[in-house]
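Trainee: here is a sequence together with a model predicted from it:
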Amino acid sequence: MSAGLGSERGPAAGDGPIAGGSGAGTTCDAAVVGAGVSGLAAAVHLRRAGLITRVFEAADDIGGRVRTDVHEGFRLDRGFQVLLTAYPEAAAVLDYRALDLRRFNAGALVWSGGRLHTLVDPRRRPTDAAASLHGVLGALRGAVAGPADDLRVLRLVRLLQRTEVAELFTAKQTTTARLLAAAGFSDRIVERFFRPFLGGVFLEPGLSTASGMFGFVLKMFADGAAALPAAGMGAIPRQLAGRLEAGTITTGTPVTAVRGATDPSGGEVVAVLGPDGELCRARVVIIATDEALPGTVPAEMGRAEWHAVTCLYFDAPRSPVRGPWLLLNGAGPAGQGAGPVNNVAVLSEVAPEYAPPGRALISVSVLGIPDDDDEPLAAQVLGQLGVWFGGHRRRRPLRSTVTGSVAAGPLPDWRLLRVDRIERALPAFGPRRAAAVGEVLAGRTVATDGGGAAGAGDARVPGVFFCGDRFDTPSLNGALSSARRTAAAVAAYLR
């Protein structure tokens, strides 16, 4: 998602689908701009449809916002990310067994009232038949939840499990904050659980994300698990790339413009490659990047606003918690243990492969892009987590790989590995955009990422298509869904 230290490399040129060089002079059915998850998935669908496809990526490796870098034996994803196994598009396209998924516990540890509280989904505890969501949240009343919040959560989860995904977006949309208020949830559970939990998913603390997306995410958590591939989230685009023929993907080759389009019967769209203006001639071009290119104007849904996040990675001699937990800051803006941290995960507790033997890898998410430089920000984070993990036994300080300085204060044996400041981490998804996605899912309108016929006021170029999660739900599922729809539109256009 953002610049990293050293990337985990894929197949060498000539040994697989990824190759170096510009690809100039190539003629193909479809040229895909961008080798992120959506672009690669579109290429896989096009290959299955028998279309000759080339993928061009400006970066030195594939994955886009879903990349994993290997540094000193640690696997560092581009910001904290998870795969929700219940995602319908992911389940249909990805081989979960080959990804060797490692699952988080079904629940969270919530920091509130000066300590960590364990919140679990009792449906995942078959050995405790008497457990219920009422009992679990009831034990947290006064700290995390208010009276009757437990029953409201239980009713909501049961309702979502009976609801089809399309219905969540075809229903009238509002914001998540308004939905929670209308459902009668107390301010206590909203501020101490929903806001940090959903803030970590939506990457915005105001809960302005559409109610349909809230329902979708909660349904996915209820129906499946949050998981990490053992080799990192970058294993997902690697798996997709592995289904393409040798030489399909060309890295280190930006497409600087798209120009010229006639008709699909024999015309071509020209992709201009790199600073030298070399050309790739294709019948269609699919733009699967986060920005428009000169010569194309995406539809309204393509002009997305973005949420930002800052992820700090720490190396520690041992984990501050045991087990694959997500930790949430439920302290509020001024409570004990409050600070910039929204959520924490000890990734090596989820997937031991994320860290070298005998070390712990801690991921810390801060919403937005703080003004502080890396070291002052890390000091604030360590000060906050020092309150959370006050019983964590200290050893000698370790030097940061960012500046070489020695950590001071709380948790001096935690070493800062990297700070990712990700300006374009996730497209914003308010009620208006959710309603537009609902129209597509209901079949009442054509997906706006399909090329060809232009809508009113839409200066679309015939033969140019768009895909990515900014045209669907802001998620891995949305990226894959958009890729499938776009590939189908391309195949129909070229018939």
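Mentor: Looks like it arrived, so ask away. Numbering: from 1, shown residues only.
Trainee: where in the stretch 151-300 of the chain is pLDDT low?
Mentor: 260-269, 274-275, 294-300 (pLDDT under 70).
Trainee: residue boundaries of the helices in it?
Mentor: With helices called from DSSP state H, counting those that start in this stretch, the stretch 151-300 of the chain shows them at 165-170, 176-182, 187-189, 195-202, 211-223, 235-241.
Trainee: quick check: buried residues in stretch 369-380?
Mentor: For stretch 369-380, the neighbour count (16 or more other Cβ atoms under 10 Å) marks 370, 374, 377-380 as buried. Where C-beta positions appear, they are placed from N, C-alpha and C, glycine not excepted.
Trainee: closest to D150 out of those residues?
Mentor: Nearest to D150, judged by Cβ to Cβ, of the buried residues of stretch 369-380 is Q380 at 33.9 Å.
Trainee: could you check the angle the longest strand belonging to the chain makes with helix 195-202?
Mentor: Secondary structure of the chain per DSSP state E: the longest strand is strand 415-427. Angle of strand 415-427 versus helix 195-202, following axes from the mean of the first three to the mean of the last three Cα atoms, to 10 degrees, is 70 degrees.
Trainee: let me have the helices of the stretch 151-300 of the chain in TSV, adding mean neighbour count and distance to A428 as columns.
Mentor: Formatted as TSV, these follow (neighbours: other Cβ atoms under 10 Å; distance: least, Cβ to Cβ, whole Å):
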stretch	mean neighbour count	distance to A428
helix 165-170	20	16
helix 176-182	18	13
helix 187-189	17	24
helix 195-202	23	9
helix 211-223	22	10
helix 235-241	24	23
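Trainee: I figured W325 hits A108, correct?
Mentor: Yes: W325 lies in contact with A108 (Cβ atoms under 8 Å); the separation is 6.7 Å.
Trainee: parallel or antiparallel, list what pairs with the helix or strand that contains S363.
Mentor: Assigned by DSSP states H and E, S363 falls within strand 360-367. Partners of strand 360-367 in the sheet, by DSSP bridges, are strand 306-316 (antiparallel), strand 343-346 (antiparallel).
Trainee: which stretches in the stretch 301-450 of the chain count as helices?
Mentor: With DSSP H, counting those that start in this stretch as the criterion, the stretch 301-450 of the chain has helices at 347-350, 374-388, 431-441.
Trainee: just the element for R75, please.
Mentor: For R75, the host element (DSSP H and E) is strand 74-77.
Trainee: in JSON lines, list the strands paired with strand 360-367 along with distance to R424 and mean pLDDT.
Mentor: Shown next, in JSON lines, are the strands paired with strand 360-367 (distance: least, Cβ to Cβ, whole Å; pLDDT from 0 to 100):
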{"stretch": "strand 306-316", "distance to R424": "4", "mean pLDDT": "97"}
{"stretch": "strand 343-346", "distance to R424": "20", "mean pLDDT": "98"}
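Trainee: got JSON lines for those strands, with mean neighbour count and distance to A282 too?
Mentor: Below are those laid out as JSON lines (neighbours: other Cβ under 10 Å; distance: least, Cβ to Cβ, whole Å):
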{"stretch": "strand 306-316", "mean neighbour count": "23", "distance to A282": "29"}
{"stretch": "strand 343-346", "mean neighbour count": "24", "distance to A282": "41"}
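Trainee: which one of the ones you listed lies nearest to L441?
Mentor: Closest to L441 of the strands paired with strand 360-367 is strand 306-316 (Cβ to Cβ; 22.6 Å).
Trainee: what's the burial count for G252?
Mentor: Around G252 there are 15 other residues, counting by other Cβ atoms under 10 Å.
Trainee: repeat for G443
Mentor: Neighbour count of G443, defined by other Cβ under 10 Å: 8.
Trainee: phi, psi of it?
Mentor: According to degrees, to the nearest 10, the main-chain angles of G443 amount to phi 80, psi 10.
Trainee: that one and A166: what is the separation?
Mentor: Note on G443: its distance to A166, by Cβ to Cβ, to the nearest Å, is 9 Å.
Trainee: could the helices of the stretch 151-300 of the chain go into CSV alongside distance to G330?
Mentor: Output for the helices of the stretch 151-300 of the chain, formatted as CSV (distance: least, Cβ to Cβ, whole Å):
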stretch, distance to G330
helix 165-170, 26
helix 176-182, 15
helix 187-189, 9
helix 195-202, 6
helix 211-223, 17
helix 235-241, 30
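Trainee: who are the contact partners of the closest residue to E204 other than its chain neighbours?
Mentor: Nearest non-adjacent residue to E204, counting by Cβ to Cβ, 6 or more residues apart in numbering: H307, 4.9 Å away. Contacts for H307 (Cβ atoms under 8 Å, 6 or more residues apart in numbering) come out as 202-204, 367, 425-428.
Trainee: what's the closest non-adjacent residue to Q81?
Mentor: Spatial nearest neighbour of Q81, chain neighbours left out: M233 (4.9 Å); criterion: Cβ to Cβ, 6+ apart.
Trainee: out of the helices of the stretch 151-300 of the chain, flag the one nearest D413.
Mentor: Closest among those, using Cβ to Cβ: helix 195-202, at 25.8 Å.
Trainee: circling back: average pLDDT for the longest strand of the chain?
Mentor: Average pLDDT, strand 415-427: 97.
Trainee: one step back: ok, which of the strands paired with strand 360-367 comes nearest D77?
Mentor: strand 306-316 (8.2 Å).
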